[in-house]
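Colleague: Here is my input, please return the structure:
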Amino acid sequence: MEFKFFYHFGNYLLMLKGMFSRPENMKMYWKQFMQQCVDIGVGSFGIVFIISLFMGGVTTLQTAYQLVSPVIPKSTIAQVVRDTIILEFAPTLTSIVLAGVVGSKIASELGNMRVSEQIDALEIMGINTKGYLILPKILAGILMVPVLVCISGFLGVWGGKEAGVLSGIISADQFLMGLRQEFRAYNVFFALSKSFFFGLIITSVSAYYGYNVRGGALEIGKASTTAVVVSCVLILFMDYALTAILL
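Modeller: Residues are numbered from 1 along each chain as shown. You can find the predicted model right below:
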């Protein structure tokens, strides 16, 4: 097990190194980069929109259920919802969902190209396939995952406000007052810092397993599943590590 870990970790580092070993004309990558930004960002917006709204609404309802003391002002509900969504739910939950949506797509796409020998054909043409196929995906993930996390945080807070108002738990003025109380901008920086690392993990790990597929359709499915599982585990581990370091 230990040797298998070091084998994959070493190959993973060699893959990252190989992306920059032979620099190509950057114009060649621009179209690929923009296409990946559309696939990762726009393609994942629908699921992020739905999850964020319900995440905020459920957080508000559960927080109100637990804060039953008349001594605690209702604006505290908004504070708890705001900090919970910004610090944890928006970056971590969104990234885990994206690991399943984006990660499996990247792994299966590269795996299919490897099995059908398209990658071999590109290498014969003298193209650095690691740089051409993997680097745009990683850069797009590092750029678009934080954008999706920002959207998720906004939608989560808005969904929490709407759920609280519609259920009669808290008024809109009380919720907005709670949002402004003791707000720390560092929490937003912390969430964005986590999302950068999560974007790197989702795209690079999925690309690694897809790029190194050997076999046929069955192996592509196994690689996609392994990529999602490993990405989720690394996201949770990095979440704990960054929380311990930055908070």
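Colleague: what's the helix or strand for residue 223?
Modeller: helix 217-246 (DSSP states H and E).
Colleague: err, residue 3, not the other one
Modeller: Using DSSP H and E, residue 3 falls in helix 2-21.
Colleague: Would you mark the buried spots in that helix?
Modeller: Using 16 or more other C-beta atoms under 10 Å as the test for burial, helix 2-21 gives 8, 12, 15-16, 18-19. Just so you know, the C-beta spots here come from the backbone N, C-alpha and C atoms, and that holds for glycine as well.
Colleague: In JSON lines: these, plus pLDDT and distance to residue 156.
Modeller: Putting those into JSON lines (pLDDT from 0 to 100; distance: C-beta to C-beta, whole Å) gives the following:
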{"residue": "8", "pLDDT": "86", "distance to residue 156": "35"}
{"residue": "12", "pLDDT": "89", "distance to residue 156": "32"}
{"residue": "15", "pLDDT": "87", "distance to residue 156": "34"}
{"residue": "16", "pLDDT": "87", "distance to residue 156": "33"}
{"residue": "18", "pLDDT": "84", "distance to residue 156": "38"}
{"residue": "19", "pLDDT": "81", "distance to residue 156": "34"}
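Colleague: now the longest helix belonging to the chain against helix 2-21, angle please.
Modeller: Counting residues, the longest helix found in the chain (DSSP state H) is helix 135-166. Helix 135-166 and helix 2-21 are oriented at 110 degrees to each other (axes from the mean of the first three to the mean of the last three C-alpha atoms, to 10 degrees).
Colleague: How about residues contacting the next helix or strand after helix 135-166?
Modeller: Downstream of helix 135-166, the next assigned helix or strand under DSSP H and E is helix 172-180. With C-beta atoms under 8 Å, 6 or more residues apart in numbering as the test, helix 172-180 has contacts from 73-79, 82, 157, 160-161, 164-165, 170.
Colleague: got a list of what the spatially most central residue of the chain touches?
Modeller: By C-alpha atoms, centre = their mean, the chain has its centre lying nearest to residue 95, at 2.8 Å. Applying C-beta under 8 Å, 6+ apart, we find residue 95 in contact with 145, 149, 194-195, 198-199, 201-202, 235.
Colleague: between the residues you listed, which has the most around it?
Modeller: For the contacts of residue 95, neighbours were counted using other C-beta atoms under 10 Å, and residue 202 has the most, 31 neighbours in all.
Colleague: For that residue, what is the enclosing helix or strand?
Modeller: helix 185-211.
Colleague: Correct me if wrong: residue 87 contacts residue 188.
Modeller: No - the criterion here is C-beta atoms under 8 Å, and residue 87 misses it with residue 188 at 9.5 Å.
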